[in-house]
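Peer 1: got a structure for you, letters missing:
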């Protein structure tokens, strides 16, 4: 027997005939005992191995510890699968995944002086809301960095949307770190990104915290859509570069898109918030800045307003009806496109417009302050990457460009 200290006659040799085992795994380490030792030839186990007696003193049914260990790992894998975040909770990494807000979350909120954001999603539920709102890159970043996040799911039978609106499958509540709920100021449908951003900003301000600049810009950009106060104007301009830079200085301008119409005239499509700037004021400011060459109206109100504003100005500034199509310009936001760092960063339309102006003026440090920390990390990473293979994301939707960079592996852990 070599070094084996026990005689062979004292060792219980397992029978070849195996007992039928239940598929249910019940791991109880109190039943793991030190087994007798023997050669691997007699027992099928190496010297010094342990065994589980299955609650019986009959050593013929002994199960090796390695078998129990594999069963334990299998049970852990099943548990891990059951704990995976369902798609109804979006892309937010929740710090706590519990059915209710437990003491650990409250303690964390008090110590960090942060409000709690509790997302309760029904399964099956509203996956579209999760993809468009709870997976928006800036909403995800704001939630993870400025809130103690709690994600909860509850299984419910599938109900018809006639009985319940789609977004009612997911409920979002905010709480002060002291436990009191933060009143929600509803301004619209939660399925619209502006409402979600509004509630997050309201919770941050109610908790006496400083909202991040990137979230403030996102609220500015999305708030007008809640009250249907967004409008577009088409202006003929002399040069696209100077027009985009000048228009970005006006309060209430949310987006500029440079392009050309059929007669090769330069035009800029301007999205503006009617609550902050009117069509007449936009035309007037464009005239004062010297960029305006024509006003292309689409209805009678715009025609009358444009004609009134250009009175007393040179006659070559024309007012014409627009009924054609616009071809996007390849040099839209030229300062961004020429930047070796900013042009690879996914941004919202308002961010891109303001950053383009600041980069054009050489105020790079001010431009960086308009980005979120994760956007800043992307910019720094792109500066160290082979840019010949990096996609240009200027004028691309932030969600789409963020997803493209993620799939290409440029985002990493940021």
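Peer 2: Good, I have the coordinates. This structure is a prediction, so every number in the text was calculated from the model and none was measured. Numbering: from 1, shown residues only.

Peer 1: Once you drop chain neighbours, what's closest to residue 250?
Peer 2: In this structure, residue 250 finds its nearest non-sequential neighbour in residue 285, 5.6 Å apart by C-beta to C-beta, 6 or more residues apart in numbering. All C-beta atoms are positioned from the backbone trio N, CA, C, and that covers glycine.

Peer 1: typo on my end, it should be residue 269
Peer 2: Among residues not flanking residue 269 along the chain, residue 257 sits closest, at 4.4 Å (C-beta to C-beta, 6+ apart).

Peer 1: which element is residue 110 on?
Peer 2: Under the criterion of DSSP states H and E, residue 110 resides in helix 103-112.

Peer 1: which element follows the host helix or strand of the residue nearest to residue 269 toward the C-terminus?
Peer 2: Assessed by DSSP H and E, residue 257 sits inside strand 253-260. Downstream of strand 253-260, the next assigned helix or strand under DSSP H and E is strand 266-273.

Peer 1: could you say what helices and strands the helix or strand that that following strand is followed by packs with?
Peer 2: As assigned by DSSP H and E, the chain's next helix or strand after strand 266-273 is helix 279-289. On a contact count with 3 or more C-beta pairs under 8 Å, 6 or more residues apart in numbering; DSSP states H and E, helix 279-289 meets strand 230-237, helix 240-247, strand 292-297, helix 300-310.

Peer 1: what's the neighbour count on the closest residue to residue 130 other than its chain neighbours?
Peer 2: The shortest distance from residue 130 to any non-neighbouring residue, by C-beta to C-beta, 6+ apart, is to residue 90 (4.0 Å). By other C-beta atoms under 10 Å, 25 other residues sit near residue 90.

Peer 1: And residue 90, how far from residue 153?
Peer 2: According to C-beta to C-beta, to the nearest Å, residue 90 and residue 153 sit 12 Å apart.

Peer 1: Also residue 397?
Peer 2: Relative to residue 153, and taking C-beta to C-beta, residue 397 is found at 29 Å.

Peer 1: again with residue 226
Peer 2: For residue 226 relative to residue 153 (C-beta to C-beta), the value is 28 Å.

Peer 1: neighbour-wise, which of residue 397 and residue 153 wins?
Peer 2: residue 153 (18 against 13).

Peer 1: which SSE is that one in?
Peer 2: Residue 153 is located in strand 148-155, with elements delineated by DSSP H and E.

Peer 1: Quick one: list the elements packing against that strand.
Peer 2: So strand 148-155, by 3+ C-beta pairs under 8 Å, 6+ apart, packs with strand 96-97, helix 103-112, strand 116-123.

Peer 1: Return the set of buried residues in the second one.
Peer 2: Looking back up the chat, that one is helix 103-112. Residues of helix 103-112 classed as buried by neighbour count (16 or more other C-beta atoms under 10 Å): 105-106, 108-109.

Peer 1: now swap in stretch 334-345 and tell me
Peer 2: Of the residues in stretch 334-345, 334-337, 339, 341-345 count as buried by neighbour count, 16+ other C-beta under 10 Å.

Peer 1: Outside of that stretch itself, list whatever touches it.
Peer 2: 240-241, 244-245, 331, 352, 355-357, 359-360, 367, 371, 375, 378-380, 382-383, 387, 390-394, 405, 410 (C-beta atoms under 8 Å, 6 or more residues apart in numbering).

Peer 1: Tell me which of those residues fall in helices.
Peer 2: Mapping those onto helices (DSSP state H) picks out 240-241, 244-245, 352, 355-357, 359-360, 367, 375, 378-380, 382-383, 405.

Peer 1: Can you say which of those are buried?
Peer 2: For these, a burial check counting by 16+ other C-beta under 10 Å picks out 240-241, 244-245, 352, 355-357, 359-360, 367, 375, 378-379, 382, 405.

Peer 1: Distance across stretch 116-133, terminal residue to terminal residue?
Peer 2: From its first residue to its last, stretch 116-133 covers 18 Å (C-alpha to C-alpha, to the nearest Å).

Peer 1: Looking at it now, give me its mean pLDDT.
Peer 2: Mean per-residue pLDDT for stretch 116-133: 89.

Peer 1: Could you pull up the residues touching the residue lying closest to residue 112 once chain neighbours are set aside?
Peer 2: Spatial nearest neighbour of residue 112, excluding adjacent residues (C-beta to C-beta, 6+ apart): residue 148 at 6.6 Å. Taking C-beta under 8 Å, 6+ apart as the contact definition, residue 148 lies against 95-96, 105, 108-109, 112, 114-117, 177.

Peer 1: just to revisit the earlier point, would you format the helices and strands packed on helix 279-289 as CSV with distance to residue 86 and mean pLDDT included?
Peer 2: CSV is the format used below for the helices and strands packed on helix 279-289 (distance: least, C-beta to C-beta, whole Å; pLDDT from 0 to 100):
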stretch, distance to residue 86, mean pLDDT
strand 230-237, 33, 96
helix 240-247, 42, 97
strand 292-297, 48, 95
helix 300-310, 48, 95
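
Peer 1: Please name whichever of these is nearest to residue 190.
Peer 2: strand 230-237 (18.9 Å; C-beta to C-beta).

Peer 1: in that closest one, what's buried?
Peer 2: Counting neighbours by 16+ other C-beta under 10 Å, strand 230-237 gives 230-231, 233-237 as buried.

Peer 1: pretty sure the residue nearest to residue 250 contacts residue 248?
Peer 2: No: contact between residue 285 and residue 248 fails when scored by C-beta atoms under 8 Å: they sit 11.8 Å apart.

Peer 1: Can you get me a residue count around residue 91?
Peer 2: Neighbours of residue 91 (other C-beta under 10 Å): 18.

Peer 1: ditto for residue 256
Peer 2: Residue 256: 27 surrounding residues under other C-beta under 10 Å.

Peer 1: Tell me how far the nearest residue to it once chain neighbours are set aside lies from residue 353.
Peer 2: Spatial nearest neighbour of residue 256, chain neighbours left out: residue 244 (4.9 Å); criterion: C-beta to C-beta, 6+ apart. Separation of residue 244 from residue 353 (C-beta to C-beta) stands at 7 Å.

Peer 1: cool, residue 288 as well?
Peer 2: Counting by C-beta to C-beta, the gap from residue 288 to residue 353 is 19 Å.

Peer 1: what does residue 388 give?
Peer 2: Distance from residue 388 to residue 353, by C-beta to C-beta: 27 Å.

Peer 1: Neighbour count: those two, which is higher?
Peer 2: residue 353 (24 against 5).

Peer 1: Report how many residues lie close to the nearest residue to that one once chain neighbours are set aside.
Peer 2: Closest residue to residue 353 apart from its sequence neighbours, by C-beta to C-beta, 6+ apart: residue 248 at 4.9 Å. Close neighbours of residue 248, defined as other C-beta under 10 Å, add up to 20.
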